[in-house]
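Novice: Have a look at this fold, sequence not included:
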């Protein structure tokens with residue numbers, strides 16, 4: 001049976017990867033009159049600015065222009081790229097979530113790669129000494145607990161402190177339509193939440209950088225000099241399919257769209273698809289046997305999840321792999337019903353949010369950004385009651401957000 005499961009999951013992964021690439025082309029053929037063009041795909045806007053400068057770049061596997069990595073493209077144009085900085089998951093995007101990444105040298109170019117997800121979180125004075133301008137070009141997915149925005153702030157602090165310049169090559173937010181969730185209680189600030197924003201913030205990276213400056217979120221309220229190359233032909237309500245998976249466990253467009261809602265299951269004793277090729281799209285537990293007919297078995301998958309919760313155990317629960325994510329777009333809301341349903345179905349309710357049971361369980365309060373959410377689910381509050389508790393914070397955030405928009 002294990003062999004059958006591995007073959008089946010590999011098949012699903014291959015189909016998912018194919019769908020991911022096929023759907024990329026659909027960005028250009030959905031009847032849109034103009035193609036969405038990322039900042040990196042507009043070299044005339046930034047190559048003249050970079051000529052003669054010593055360049056550092058924060059990059060990973062999403063840092064592409066056409067079918068080329070941006071680092072390779074810049075080198076081919078004679079730009080002096082002196083070093084690369086890598087975020088969570090590393091420069092090549094093949095490290096698992098939360099795993100520290102070491103400094104290295106790129107075998108293809110010999111360029112030094114400095115990890116910002118290992119022994120340090122931001123470039124040091126030494127790192128920045130031989131750089132004139134830093135480029136930030138990493139795909140984001142629009143969620144508070146997705147750590148790219150933390151890295152952005154850290155890079156901005158170094159750029160401001162050491163009197164450099166930051167060039168942001170902007171990219172669409174695939175969840176840009178969504179602005180929802182409780183505002184982070186800053187007493188719960190952690191690696192999975194460092195800003196007073198909702199779970200889904202509805203901004204591109206460049207817009208978020210403007211907010212960081214404007215709201216005084218850099219150390220000592222410093223301001224980072226920004227040069228931005230905007231995305232052409234983009235608005236927040238547009239569907240945008242990513243050309244490259246942004247991290248190992250966001251490996252399909254379906255998972256990316258589900259992620260703002262289902263990542264909250266990281267704070268429960270349910271496996272949320274880690275250890276399968278459908279992270280964030282299947283959710284379950286061995287204790288839900290007999291309650292749900294759908295089942296899956298998490299296994300160790302190097303580069304995705306080495307020790308998933310309930311590893312090698314059959315889990316029963318929800319299958320969202322074919323869920324119509326257009327419903328999320330239409331509602332413009334996080335789906336809370338899945339959490340409410342699975343809590344109500346779970347037989348051992350006192351341990352549903354029990355982080356002490358496994359190092360694989362995250363803190364639900366830090367994920368949600370509030371201590372209320374867990375208590376509301378336990379108390380059986382309605383969705384309307386839960387959402388009401390997010391106000392007036394969420395409405396106030398939406399007003400603040402408008403000041404920093406580059407797109408409709």
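Specialist: Yep, it's here. This one's a predicted model, so the numbers in the text were calculated from it and none came from an experiment.

Novice: drop to CA atoms for contacts and neighbour counts, all remaining ones
Specialist: Noted.

Novice: What is the longest strand anywhere in the chain packed up against?
Specialist: What stands out as the longest strand in the chain, according to DSSP state E, is strand 80-86. Strand 80-86 sits against strand 54-58, helix 70-76, strand 112-115, with contacts defined as 3 or more C-alpha pairs under 8 Å, 6 or more residues apart in numbering; DSSP states H and E.

Novice: which stretch in these has the least confidence?
Specialist: Comparing mean pLDDT across the helices and strands packed on strand 80-86, the weakest is strand 112-115, with a mean of 88.

Novice: Note down every partner strand of it and its orientation.
Specialist: Here strand 112-115 is paired, per DSSP bridges, with strand 80-86 (parallel), strand 104-105 (antiparallel).

Novice: Need the residues that contact the longest one.
Specialist: Contact partners of strand 80-86, identified using C-alpha atoms under 8 Å, 6 or more residues apart in numbering, comprise 51-60, 71, 74-75, 91, 111-117, 130-131.

Novice: Give me the nearest residue to the residue positioned nearest the centre of the chain, chain neighbours excluded.
Specialist: Taking C-alpha atoms, centre = their mean, the centroid of the chain lies closest to residue 146, which sits 3.8 Å from it. Nearest residue to residue 146 in three dimensions, chain neighbours excluded: residue 192, at 6.8 Å (C-alpha to C-alpha, 6 or more residues apart in numbering).

Novice: Let me see the contact set for that neighbour.
Specialist: Counting by C-alpha under 8 Å, 6+ apart, residue 192 touches 144-147, 366-367.

Novice: Would you tell me which one of the residues you listed comes nearest to residue 398?
Specialist: Distance to residue 398, by C-alpha to C-alpha, is smallest for residue 144 among the contacts of residue 192, at 14.7 Å.

Novice: Wait, residue 339 touches residue 265, no?
Specialist: Yes. If you go by C-alpha atoms under 8 Å, residue 339 and residue 265 touch, sitting 7.5 Å apart.

Novice: which one of those two has more residues nearby?
Specialist: Remark: of residue 339 and residue 265, residue 265 carries more neighbours, 25 against 17, as counted by other C-alpha atoms under 10 Å.

Novice: Could you find the closest non-adjacent residue to the more buried one?
Specialist: Of all residues not flanking residue 265 in the chain, residue 272 sits nearest, at 6.1 Å (C-alpha to C-alpha, 6+ apart).

Novice: Looking at the one you found now. What's its pLDDT?
Specialist: Value listed for residue 272 in the pLDDT field: 98.

Novice: same check, this time on residue 118
Specialist: Confidence score, pLDDT, at residue 118: 72.

Novice: One more: the one 3 residues further on?
Specialist: Note for residue 121: predicted pLDDT of 84.

Novice: mind checking which helix or strand it is in?
Specialist: For residue 121, there is no enclosing helix or strand under DSSP states H and E.

Novice: sorry, back to before: quick one, which of the contacts of strand 80-86 are buried?
Specialist: Buried by 16 or more other C-alpha atoms under 10 Å: 53-60, 71, 74, 91, 112-117, 131, out of the contacts of strand 80-86.

Novice: Distance check, the residue nearest to residue 122 when sequence neighbours are not counted against residue 212.
Specialist: Closest residue in space to residue 122, ignoring its immediate chain neighbours: residue 154 at 5.1 Å, by C-alpha to C-alpha, 6+ apart. Separation of residue 154 from residue 212 (C-alpha to C-alpha, to the nearest Å) stands at 11 Å.

Novice: Over to residue 221?
Specialist: Separation of residue 221 from residue 212 (C-alpha to C-alpha): 9 Å.

Novice: ok, those two, which is more surrounded?
Specialist: residue 212 (22 against 13).

Novice: what about that one, which SS state?
Specialist: Under DSSP: H, G, I helix; E, B strand; the rest coil, the three-state class of residue 212 is helix.

Novice: Show me where the stretch 201-350 of the chain has its helices.
Specialist: For the stretch 201-350 of the chain, applying DSSP state H, counting those that start in this stretch gives helices covering 205-214, 253-262, 326-331, 337-345.

Novice: any chance of the ones you listed in TSV, with mean pLDDT too?
Specialist: Formatted as TSV, the helices of the stretch 201-350 of the chain follow (pLDDT from 0 to 100):
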stretch	mean pLDDT
helix 205-214	98
helix 253-262	98
helix 326-331	96
helix 337-345	98
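
Novice: out of the contacts of residue 192, which one sits closest to residue 311?
Specialist: residue 367 (22.6 Å).

Novice: which element is that closest one on?
Specialist: helix 364-368.

Novice: If you count contacts, what does the following helix or strand past that helix end up packed against?
Specialist: Per DSSP H and E, the first helix or strand lying C-terminal to helix 364-368 is helix 372-379. Applying 3+ C-alpha pairs under 8 Å, 6+ apart, one finds that helix 372-379 contacts helix 337-345, helix 364-368.

Novice: Let me know which of these is tucked in deepest.
Specialist: Of all these, helix 364-368 has the most neighbours on average by mean count of other C-alpha atoms under 10 Å, namely a mean of 23.

Novice: Give me the contact list for it.
Specialist: Helix 364-368 has contacts (C-alpha under 8 Å, 6+ apart) with 145, 181-182, 184, 188-190, 192-193, 199, 264, 266-268, 353, 371-374.

Novice: quick check: mean pLDDT across stretch 301-318?
Specialist: Stretch 301-318 comes out at a mean pLDDT of 96.

Novice: so how far is that stretch from its chain's centroid?
Specialist: Using C-alpha atoms, centre = their mean, to the nearest Å, the mean C-alpha position of stretch 301-318 is found 20 Å from that of the whole chain.

Novice: quick one: the strand or helix carrying residue 401 to helix 205-214, angle?
Specialist: Using DSSP H and E, residue 401 sits in helix 393-402. Between helix 393-402 and helix 205-214, the angle comes out at 100 degrees (axes from the mean of the first three to the mean of the last three C-alpha atoms, to 10 degrees).
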